[in-house]
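> Sequence isn't available, so here's the structure alone:
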């Protein structure tokens with residue numbers, strides 16, 4: 001691993017400005033309303049556009065179509081004293097342990113181990129999946145796959161669309177040749193019909209392991225936690241501006257069809273991917289809830305902290321934190337500085353100061369906190385030293 005280049009250290013909370021990313025689908029009206037500090041349900045349909053995602057504290061470049069020059073779209077820019085740089089530059093080249101955490105960097109190399117998005121879909125996303133870690137390592141040259149989770153924070157009814165819902169996991173075992181045939185003939189009805197469909201509401205949380213076929217429905221606004229890559233294998237492209245070779249990441253369907261987990265899930269197995277908040281012990285004026293179950297811990301963690309008065313320290317040491325304020329107002333304070341926040345604000349806390357950072361409520365403050373796995377959790381998954389330093393130079397998305 002190359003030695004970091006010394007540079008200015010960030011030892012204060014980072015206010016994250018909007019970082020909208022273009023996608024092939026429309027959306028963003030609820031995201032606009034959320035960012036403005038209003039009820040997401042007040043989002044205007046005419047506010048939808050081609051930038052339906054806001055990438056928070058991102059060290060990941062957006063997927064570059066095959067043969068196109070790599071851009072920096074998707075990367076978060078931050079100010080380190082008088083120098084504006086990408087967070088990726090800080091993590092990979094300047095000060096990885098301060099931002100990502102000494103334990104995580106020791107286990108996985110210079111990374112934050114996490115990408116968080118605000119994602120607001122005004123149309124149904126196509127059936128697709130993301131690679132598991134073993135598949136990504138073998139075929140994409142990346143030590144990270146793209147296991148993800150959805151925390152639903154808003155919904156809306158859209159004309160001509162079913163109530164807000166998600167599709168997740170095959171309802172029965174699907175043969176390899178059968179899936180390949182559906183993809184080859186562009187059979188959207190067969191692909192979608194083979195999946196479980198579930199309506200969603202604010203407060204729902206779903207865990208989506210790598211390889212699981214899925215689609216997010218129109219009118220669903222989520223916080224999406226994921227491993228730090230932008231790999232999507234899209235089985236359904238009819239009517240969408242997706243080049244066939246980009247749908248399989250330029251690898252061909254004979255390879256990428258095996259990215260899909262074709263095993264059927266029964267209702268009990270599907271329900272195991274759905275989580276309800278779990279109260280955790282928390283002294284003082286803060287209510288602490290775990291939002292994802294143990295299966296997610298090798299990939300990411302999510303908690304909701306709610307203060308009704310006063311202040312409370314963050315309960316994690318040496319951990320990078322991405323915060324999304326979903327209610328109230330207050331401050332995020334550390335010895336190196338503080339920032340004012342309100343509903344719709346987003347921020348990041350460098351791992352080196354996570355234990356010294358506190359939330360302070362004016363009257364009430366509610367924050368969704370998204371965290372990477374710790375080094376021990378990674379080790380329990382069989383994470384190997386050979387995976388450190390791997391990346392996929394072809395896209396720049398398999399981040400660091």
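Yes, it's here. For clarity, every value in this text was computed on a predicted model and none was experimentally measured.
> for the stretch 51-200 of the chain, what spans make up the helices?
Using DSSP state H, counting those that start in this stretch, the helices of the stretch 51-200 of the chain run over 87-89, 96-100, 102-108, 133-135, 176-184, 188-193.
> If we go by neighbour counts, what in stretch 228-243 is buried?
Buried positions in stretch 228-243, judged by neighbour count with 16 or more other Cβ atoms under 10 Å: 228-237, 242. The way it works is simple: take the backbone N, C-alpha and C, and place the C-beta from them, glycine included.
> try stretch 20-28
Result for stretch 20-28 [16+ other Cβ under 10 Å]: buried residues 20-21, 23-28.
> any chance of these in a markdown table, plus distance to residue 89, pLDDT and secondary structure?
Converted to a markdown table, these look like this (distance: Cβ to Cβ, whole Å; pLDDT from 0 to 100; DSSP: H, G, I helix; E, B strand; the rest coil):
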| residue | distance to residue 89 | pLDDT | secondary structure |
| --- | --- | --- | --- |
| 20 | 20 | 97 | strand |
| 21 | 18 | 97 | strand |
| 23 | 24 | 95 | coil |
| 24 | 28 | 93 | coil |
| 25 | 30 | 94 | coil |
| 26 | 32 | 95 | coil |
| 27 | 29 | 96 | strand |
| 28 | 28 | 96 | coil |
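> Out of the helices of the stretch 51-200 of the chain, flag the one nearest residue 168.
Of all those, helix 188-193 sits nearest to residue 168, with 11.5 Å by Cβ to Cβ.
> Now do the closest one: which elements does it pack against?
Applying 3 or more Cβ pairs under 8 Å, 6 or more residues apart in numbering; DSSP states H and E, one finds that helix 188-193 contacts helix 176-184.
> hmm, try it at 6 Å
Applying 3 or more Cβ pairs under 6 Å, 6 or more residues apart in numbering; DSSP states H and E, we find helix 188-193 packed against no helix or strand.
> Pull out the buried positions in that helix.
188, 190-192.
> circling back: of the buried residues of stretch 20-28, which is the nearest to residue 98?
residue 21 (25.8 Å).
> what about the closest one, distance to residue 203?
The gap separating residue 21 from residue 203 is 26 Å, by Cβ to Cβ, to the nearest Å.
> Please enumerate the helices of the stretch 201-350 of the chain.
244-247, 253-256, 267-271.
> Show residues contacting the second one.
Outside helix 253-256, the residues within contact range by Cβ atoms under 6 Å, 6 or more residues apart in numbering are 139, 233, 248.
> As a check, name the ranges of all strands in the stretch 151-300 of the chain.
Assigned by DSSP state E, counting those that start in this stretch, the strands in the stretch 151-300 of the chain fall at 165-170, 195-199, 205-208, 214-216, 220-226, 233-234, 274-275, 278-280, 286-290.
> okay, the contacts of helix 253-256 in CSV with distance to residue 366 and pLDDT next?
Below are the contacts of helix 253-256 laid out as CSV (distance: Cβ to Cβ, whole Å; pLDDT from 0 to 100):
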residue, distance to residue 366, pLDDT
139, 41, 95
233, 35, 98
248, 41, 95
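> show me the contacts for residue 103.
318, 374-375.
> residues contacting the residue most central in space within the chain?
Nearest to the mean C-alpha position of the chain, by Cα atoms, centre = their mean, lies residue 225 at 2.7 Å. Applying Cβ under 6 Å, 6+ apart, one finds that residue 225 lies in contact with 116, 149, 300, 302, 370.
> Show me which of those residues is closest to residue 129.
Checking the contacts of residue 225 against residue 129 with Cβ to Cβ, the nearest one is residue 149 at 14.6 Å.
> How about the closest one: which residues does it bridge to?
residue 207, residue 225 (DSSP bridges).
> wait, isn't it in contact with residue 209?
No: between residue 149 and residue 209 there is no contact under Cβ atoms under 6 Å: 9.6 Å.
> And these two? Which one has more around it.
Comparing residue 149 with residue 209 by other Cβ atoms under 10 Å, the one with more neighbours is residue 149, at 26 against 18.
> Next, work out how far apart the more buried one and residue 125 are.
For residue 149, the distance to residue 125 (Cβ to Cβ) stands at 16 Å.
> Tabulate the helices of the stretch 201-350 of the chain (a markdown table), appending mean neighbour count.
As requested, the helices of the stretch 201-350 of the chain are exported to a markdown table (neighbours: other Cβ atoms under 10 Å):
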| stretch | mean neighbour count |
| --- | --- |
| helix 244-247 | 16 |
| helix 253-256 | 16 |
| helix 267-271 | 11 |
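> Would you reformat these as a markdown table and include distance to residue 84?
Formatted as a markdown table, these follow (distance: least, Cβ to Cβ, whole Å):
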| stretch | distance to residue 84 |
| --- | --- |
| helix 244-247 | 31 |
| helix 253-256 | 38 |
| helix 267-271 | 45 |
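> Turn those into a markdown table, columns for mean pLDDT and distance to residue 364.
What follows is the helices of the stretch 201-350 of the chain, written out as a markdown table (pLDDT from 0 to 100; distance: least, Cβ to Cβ, whole Å):
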| stretch | mean pLDDT | distance to residue 364 |
| --- | --- | --- |
| helix 244-247 | 91 | 45 |
| helix 253-256 | 97 | 47 |
| helix 267-271 | 97 | 32 |
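> coming back round to it: for residue 100, which of the strands of the stretch 151-300 of the chain is the nearest?
Of the strands of the stretch 151-300 of the chain, the one closest to residue 100 (Cβ to Cβ) turns out to be strand 220-226, at 15.7 Å.
> That closest one versus strand 165-170: what angle between them?
40 degrees (axes from the mean of the first three to the mean of the last three Cα atoms, to 10 degrees).
> now strand 220-226, how far from the chain's geometric center?
6 Å (Cα atoms, centre = their mean, to the nearest Å).
> Who are the contact partners of the residue lying closest to residue 310 once chain neighbours are set aside?
Nearest non-adjacent residue to residue 310, counting by Cβ to Cβ, 6 or more residues apart in numbering: residue 285, 4.5 Å away. Residue 285 is in contact with 307-310, counting by Cβ under 6 Å, 6+ apart.
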